[in-house]
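[1] Structure of the sequence below:
(one chain, ligands or ions: 1)
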Amino acid sequence: MSQERLQKILSQAGVASRRASEQLMLDGRVTVNGTTLRELGTKADAGRDDIRVDGRRIKIPERRRYILLNKPRGYVTTRSDPNHRPTVIDLIADVRDYVYPVGRLDFDTEGLLILTNDGELAARLTHPRHGIARVYEARVLGVPDTHDLARLAKGIVIEGRRTQPALVTVLYSRGDDATLEITVREGRNRQVRNMCEAIGHPVSSLRRVAIGPIRDPTLRLGRWRELGAAEVRRLQTAASATLPTVKVKAEDAKRPRKKTSGDQRRS
Ligand code: URA
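    The predicted structure is shown next:
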């Protein structure tokens, strides 16, 4: 926190209005680190100083922060990396509140990432039960055919578990590669890369373009901004919906599958 006028701090703490807080100071009822302060321009740091009114310490409610970052490749999605690689926190160095990333983007994935100190919203956004849609643009090697796309959309068994249905569209395709838009509602490790690998079209670059209702094609790579109040409300609404539970037969994941052309291409 930074230095602010005492009457402003007192009103933020809900002690009284600014005007009434000034009167409290003039009346000698306010102390900072044990000293009574009557002068109205006096500043203090609510994060560091011991500020009291009538001997009772005031509490500043923690300011909720909702940061939207456009992560470039080459950054780890963590607060600190034991291998000393650059982290997403380095990109928001001017945010002084303790925020943490919601979910994860791989070191080589770029795109939208939310960082917050709102633990409840973060938990809801990452819990599979709420099925928040994440939209990716995946550039893949080769051009998947309709059979490959149908496999992606239906779900693919990866590490013994079938991925949930995904929405898949071909955005562009050229002779030797294609860009797919893939919408998934779960956040398994390297999910999109593994899905594309499984159909024999490995990802050459990956970018997240939406998290639930949040998109921002104007946010430049490596830059961040605060989410607006309406965006936070839309996120909260999306994160309070619950997906219907789908029963998956246990034997589905175990049953050996017939070889398809997609399987033969699998690397
Ligand atoms: N899926 C991936 O494979 N990587 C990411 O970073 C995010 C989703």
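[2] For the stretch 151-267 of the chain, which residues are neighbours of the ligand?
    Where proximity means Cβ under 6 Å from any ligand atom, the interface of the stretch 151-267 of the chain facing the ligand comprises R190, Q191, V192, R193, L206. The C-beta positions use only the backbone N, C-alpha and C, and glycine is treated the same way.
[3] Go ahead and confirm the first one touches L105.
    Same thing as R190. No. With contacts counted by Cβ atoms under 8 Å, R190 stays clear of L105, the gap being 10.4 Å.
[4] between the two, which one's more packed in?
    When neighbours are counted by other Cβ atoms under 10 Å, R190 and L105 differ, and L105 comes out ahead with 23 against 15.
[5] backbone phi and psi for the more buried one, please?
    Backbone torsions of L105, given as degrees, to the nearest 10, read phi -120, psi 140.
[6] what about it, distance to L243?
    Look at L105 and L243: by Cβ to Cβ, to the nearest Å, they are 22 Å apart.
[7] Next: Y98.
    Noted for Y98: a distance of 31 Å to L243, by Cβ to Cβ.
[8] So for those two, which sits in the more crowded spot?
    Here Y98 and L243 are compared on neighbour count by other Cβ under 10 Å; more neighbours surround L243, at 14 against 10.
[9] Could you check the pLDDT of the more buried one?
    For L243, the model assigns a pLDDT of 70.
[10] now the helices: where do they sit in this structure?
    Taking DSSP state H as the test, the helices found in the chain are 6-12, 18-26, 119-126, 146-154, 191-198, 229-240, 250-254, 261-265.
[11] Which one, of the ones you listed, ends up nearest to T179?
    Across those, the minimum distance to T179, taken as Cβ to Cβ, is reached by helix 191-198, at 11.3 Å.
[12] contact partners of the closest one?
    Contacting residues not belonging to helix 191-198 are listed as 106, 136, 138, 140, 151-152, 156, 158, 163, 166, 180, 182, 184, 188, 202-203, 206, 262, 266-267 [Cβ atoms under 8 Å, 6 or more residues apart in numbering].
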